[in-house]
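Student: Sequence and predicted structure below; questions after.
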Amino acid sequence: MNMMSKLSNMMAYLTEAVIRIFSPTDDAYPEVGPSPFEGTPCKNPSPALK
């Protein structure tokens, strides 16, 4: 019985993953699009970013 229970749990886990991958996105972005950057730029950026 333990083997059947583990197999059932594994199938449920994989099924939920497939459903999550192929379902429509559930992101809650505003309809106007992303908001622009409103901060101040760094005056001395890291040399790695140049």
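Tutor: Structure's in. What do you need? As the structure is a computational prediction, the values presented were derived from the model and not from experiment.

Student: how much space between the residue nearest to the spatial centre of the chain and residue 35?
Tutor: In the chain, the residue lying closest to the centroid (Cα atoms, centre = their mean) is residue 27, at 9.1 Å. Distance, residue 27 to residue 35, using Cβ to Cβ, to the nearest Å: 15 Å. Quick note: C-beta positions are derived from backbone N, CA and C, even for glycine.

Student: what's the span of stretch 31-48 from first residue to last?
Tutor: 35 Å (Cα to Cα, to the nearest Å).

Student: Report how many residues lie close to residue 32.
Tutor: 6 (other Cβ atoms under 10 Å).

Student: what helix or strand is it on?
Tutor: Residue 32 is part of no helix or strand when elements are defined by DSSP states H and E.

Student: what does residue 8 give?
Tutor: helix 2-22.

Student: chain center to that helix: distance?
Tutor: What separates the centre of helix 2-22 from the centre of its chain is 20 Å, taken as Cα atoms, centre = their mean, to the nearest Å.

Student: go on, stretch 12-25?
Tutor: Distance, centroid of stretch 12-25 to centroid of chain: 13 Å (Cα atoms, centre = their mean).

Student: Mind listing what's buried along it?
Tutor: Within stretch 12-25, no residue counts as buried by 16 or more other Cβ atoms under 10 Å.

Student: what about dumping the CA coordinates of that stretch to CSV?
Tutor: Extracted C-alpha coordinates of stretch 12-25, given in CSV (Å, rounded to 0.1, in the frame of the first residue of the first chain):
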residue,chain,number,x,y,z
ALA,A,12,-0.3,14.3,-8.4
TYR,A,13,2.9,16.3,-8.0
LEU,A,14,3.8,15.9,-11.7
THR,A,15,0.3,16.6,-12.9
GLU,A,16,0.1,19.8,-10.9
ALA,A,17,3.5,20.9,-12.4
VAL,A,18,2.2,20.3,-15.9
ILE,A,19,-1.0,22.1,-15.3
ARG,A,20,1.0,25.1,-13.8
ILE,A,21,3.3,25.2,-16.8
PHE,A,22,0.6,25.1,-19.5
SER,A,23,-2.0,27.2,-17.8
PRO,A,24,-2.5,30.9,-18.6
THR,A,25,-0.3,33.3,-16.6
